[in-house]
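# have a look at this prediction, sequence included:
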Amino acid sequence: MTLQSLPRFISLEGGEGAGKSTVISLITNTLRELGESVVQTREPGGTPLAEEIRALLLDDHDEAPVSDVEVLLMFASRVQHVQKLILPSLKHGAWVVSDRFADASFAYQGHARGLDMHKLNVLNEEFVGVQPGLTLLLDVSVETGMSRVSKRGQLDRIEQEDLSFFETVREGYLARAAAEPNRIRIIDANQDEASVAAQVREIILDYAKDHLSE
Ligand code: Z5A
């Protein structure tokens, strides 16, 4: 079974402090300026139940999920998100822009936690079944990203991992981008916000022109 590519579904990926929160509004606004309807969402989360799963995953609890449970919860949240929000929104003619999607599970749980990629592929193909038409990977050095995030104060459970974990996450993302260059576009997010924004806007305008509403 292969994944169905959804042209009007865009995901945004990157390590900590890559600037996704900043860039996602830019993508949404660029599409809206073109007269398009856009649903902005995020993972883990995006529906009320998926947001509850997000809290289980990211908040500090007395008992942290073991890695297998972490990935199963990520996928549980994703399947709910796809079926309750992403597919219905696309069906109604909107674009969907998500802060993270399945590539994050491969980078964080697959590469960095070392879980079996075959099992992740099976979960993805059998339960998720779809993928974004376009993924923007904001690639930032771990030092730069973490220094941005640390200024923000409290770190969530996964953000408390050590630097080598995040180096592996970054390598994982870059390996996926190398394997799927047509879908995953790498943006150098070490640059200042204005330079990143200009590059993102250009990519979105170029991509959107082939997929606008009638
Ligand atoms: N996760 C997973 O393990 N597996 C999965 O399948 C999925 C997720 C879906 C989600 O947390 C966590 O779940 C995440 C991966 C894991 N874990 N970690 N760790 P989240 O969504 O709450 O957090 P995040 O995704 O890690 O986002 P973030 O840390 O908030 O990063 P960001 O959104 O990319 O950064 P930002 O908030 O836009 O920017 C951070 C600061 O930098 C801010 O003050 C900005 O003003 C500043 N900034 C942004 N861009 C620039 C530039 N270009 N120059 C200078 N300063 C900048």
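The structure has been received and is ready for your questions. Residues are numbered from 1 along each chain as shown.
# tell me how far the lowest-mean-pLDDT helix or strand in the chain lies from the chain's centre.
Least confident helix or strand, the chain: helix 142-150 with a mean of 91, by mean pLDDT, DSSP states H and E. Its chain's average C-alpha position is 18 Å from that of helix 142-150, according to Cα atoms, centre = their mean, to the nearest Å.
# which other residues reach it?
14-19, 155, 159, 163, 166-167, 170, 189-190 (Cβ atoms under 8 Å, 6 or more residues apart in numbering). Where C-beta positions appear, they are placed from N, C-alpha and C, glycine not excepted.
# which stretches of the protein form strands?
Per DSSP state E, the chain carries strands over the ranges 4-14, 38-42, 95-99, 130-139, 184-188.
# deepest of those strands, which one?
With neighbours taken as mean count of other Cβ atoms under 10 Å, the strands of the chain reach their highest mean count in strand 95-99, at a mean of 25.
# that strand versus strand 38-42: what angle between them?
Counting by axes from the mean of the first three to the mean of the last three Cα atoms, to 10 degrees, strand 95-99 lies at 20 degrees to strand 38-42.
# give me the contacts around strand 95-99.
Identification of contacts with strand 95-99 by Cβ under 8 Å, 6+ apart yields 6, 8-12, 20-21, 24, 27-28, 31, 36-43, 46, 81, 85-86, 89-90, 132.
# those also near the ligand: which ones?
20, 21, 42, 43 (Cβ under 6 Å from any ligand atom).
# buried among the residues you listed? Need that as a selection in ChimeraX.
Command for ChimeraX that selects the buried part of these, burial taken from 16 or more other Cβ atoms under 10 Å:
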select :20,42,43
